[in-house]
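Chemist: Pasting a predicted model and its sequence here:
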Amino acid sequence: MNFWRLFCAGFTFVFPIFFVYVGFWPTSAMVSTISLVLGIVLWSIFALIEFRNFVLKPARADAYYRRIYNSSPNSYATVESISNVGTSSKPKYKYLLKFQNLSGTTVHFSIENKKDLSLMAGQSLPIYINTDEVNPDPPFVVADNRFSFKPSFNPASGLFYVLFIIAYAVGFFLACYALFSNGYGWRFMSPWHPWVWAPIIGIFTTKVIGGVDKYITTSGTNQKLFNKLVTRGLKAEGTIISREHTGTTIMNSPLMKFIVQYSDKQGIQHQAVIKELIAFNDIYKFELNKRPVLYLKDDPSIAKFEYIERSMTEFAHTEPSDASYIMFDNMISD
């Protein structure tokens, strides 16, 4: 997403400058004044949106993380495996951690980091499990300064960005005023002047990126429910009784819908709908068979597969069924 943010920033701050010299059409005092006010309003809205995204949200997140450190119980996680899910030139390390959640269930959680953190399989790390019952996001934090769960933009850098937006808007206007006023004030201003419509690009691209990011992160198991399952979920042996493609594919991974049947600790049978993004090459590993699931004690209809990678490994060398071949062919043809 950082690449697309920079790409869109180019359209917002660089692209409009090239339209300054396409021509000069003076307007009436009323039209120019309305255009000036409109531009001020649009730039203010854009600055406020970015202030919320890059200053308020990171500041609240930072306070939230500090609260987890100060109020959550201390526990330990074990590094089960370390793998490079990136490339040799651009490595990205995936650390698979195992720990006991607040319900006493052993769960798995993977963390990705672009740097080699000099960890070894079997190593223990101190963690603080999030006790928030509404939305434990993140489910836990590692009490090790090599890890960082915090947003990529901290409040300080976000504030500089917002100040840049304000300085850019003022500087852009003053430059146009010096070049085109010709003693008539802001009569050069019009609704189609790049200074007026530039913030519209910024507002639009910010909303689009935010929407796409939210869609990707919330596809499959709802993130809030996923976090609760990690921190408070109970484990059961589930059976996949049906599977189908939802018709949605994200980053070359189809969103699959599974209906899973399992019995809770009281022996009561339940059915749950689980949606997961599964790589094309791994679909055959999700046959109609048994697979461990995590479920919520308060709402057994909410469940997810317990650590997908581990479950897939168990079936890595099995022969795909005819149904899997047919499903794969149908998805490819679509």
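Modeler: In hand now; what should we look at?
Chemist: Make sure residue 42 is actually in contact with residue 200.
Modeler: Yes - Residue 42 is within contact range of residue 200, at 6.1 Å (criterion: CB atoms under 8 Å). Yep, even glycine has a C-beta here, placed from its N, CA and C like the rest.
Chemist: neighbour count winner among these two?
Modeler: residue 42 (19 against 16; other CB atoms under 10 Å).
Chemist: Point me to the helix or strand that includes that one.
Modeler: Per DSSP states H and E, residue 42 falls inside helix 29-51.
Chemist: Packing partners of the helix or strand just after that helix?
Modeler: Sequence-wise, the next helix or strand downstream of helix 29-51 (DSSP H and E) is helix 57-71. If you count contacts as 3 or more CB pairs under 8 Å, 6 or more residues apart in numbering; DSSP states H and E, helix 57-71 packs onto strand 140-142, helix 155-180.
Chemist: try 6 Å this time
Modeler: helix 155-180 (3 or more CB pairs under 6 Å, 6 or more residues apart in numbering; DSSP states H and E).
Chemist: Tell me which residues are up against the helix holding residue 42.
Modeler: With contact meaning CB atoms under 6 Å, 6 or more residues apart in numbering, helix 29-51 is reached by 162, 165-166, 169, 186-187, 189-191, 195-196, 199, 202-203, 206.
Chemist: That helix vs helix 57-71, what angle?
Modeler: Taking axes from the mean of the first three to the mean of the last three CA atoms, to 10 degrees, one finds helix 29-51 and helix 57-71 inclined to each other by 20 degrees.
Chemist: which parts of helix 29-51 are buried?
Modeler: For helix 29-51, a neighbour-count test (16 or more other CB atoms under 10 Å) marks 32, 34-36, 38-39, 42-43, 46-47, 49-51 as buried.
Chemist: Let's see the PyMOL selection covering just the buried ones among the contacts of helix 29-51.
Modeler: A single PyMOL command selects the buried members of these (16+ other CB under 10 Å):
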select buried, resi 162+165+169+186+187+189+190+195+196+199+202+203+206
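Chemist: May I ask which two of the contacts of helix 29-51 are separated the most?
Modeler: Across the contacts of helix 29-51, the longest distance by CB to CB is 31.2 Å; it joins 187 and 206.
Chemist: Let me see the domain layout of the chain.
Modeler: Domain assignment for the chain, taken from automatic domain parsing, gives 2-59+153-217, 233-333.
Chemist: For this protein, list the residue farthest from the centre, please.
Modeler: Within the chain, the residue lying farthest from the chain centre (CA atoms, centre = their mean) is residue 183, at 50.5 Å.
Chemist: Can you report phi and psi for it?
Modeler: phi 80, psi 10 (degrees, to the nearest 10).
Chemist: Local confidence estimate at residue 301?
Modeler: If you check residue 301, the pLDDT there is 87.
Chemist: ok, now residue 19?
Modeler: Predicted confidence (pLDDT) for residue 19: 81.
Chemist: Next one: the residue lying closest to it once chain neighbours are set aside from residue 167, what distance?
Modeler: Distances taken as CB to CB, 6 or more residues apart in numbering place residue 194 nearest to residue 19, at 4.3 Å, with adjacent residues excluded. Distance from residue 194 to residue 167, counting by CB to CB, to the nearest Å: 17 Å.
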